[in-house]
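In: requesting a structural model of the entry that follows:
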Amino acid sequence: MIDMIYNFRQGDIHTAEFSDEFNELCIPFENSLSEEQIDVFHKILDCVSDTAAAEMRAAYKVGFKDCVALMREIQK
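Out: Predicted coordinates for the structure are as follows:
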């Protein structure tokens, strides 16, 4: 059920834009790569993004459970 709530609210989460530092490092690096290397680099970035999304989902679940535990404790 927590996943359903998270997935429903996911559209309300505003994503951050890449930092200037990331762009300053990434763009010149990417421009120095061959087409094949660019494909691999993009796959690596996708893996990093998927990992960050999984961590965010896990943190949401933990926070949700902590909130419920806190509410229960307050009601006692």
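In: okay, now Phe64: neighbour count?
Out: Using other Cβ atoms under 10 Å, Phe64 is surrounded by 14 other residues. Every residue, glycine included, has its C-beta placed from N, CA and C.
In: what helix or strand is it on?
Out: Per DSSP states H and E: Phe64 is located in helix 35-75.
In: any low-confidence regions in this protein?
Out: 1-2, 5-16 (pLDDT under 70).
In: please redo it, this time with the cut-off set to 50
Out: The chain contains no residues with pLDDT under 50.
In: what sits against Ala52?
Out: Contact analysis of Ala52 by Cβ atoms under 8 Å, 6 or more residues apart in numbering lists nothing.
In: how about Phe22?
Out: Going by Cβ under 8 Å, 6+ apart, the list of residues near Phe22 is empty.
In: that one: which element?
Out: Assigned by DSSP H and E, Phe22 falls in helix 20-31.
In: and that helix with helix 35-75, angle?
Out: Helix 20-31 runs at 150 degrees relative to helix 35-75, counting by axes from the mean of the first three to the mean of the last three Cα atoms, to 10 degrees.
In: how close does Phe41 get to Ala69?
Out: Distance, Phe41 to Ala69, by Cβ to Cβ, to the nearest Å: 42 Å.
In: sorry, that was for Lys76
Out: Taking Cβ to Cβ, one finds Lys76 at 11 Å from Ala69.
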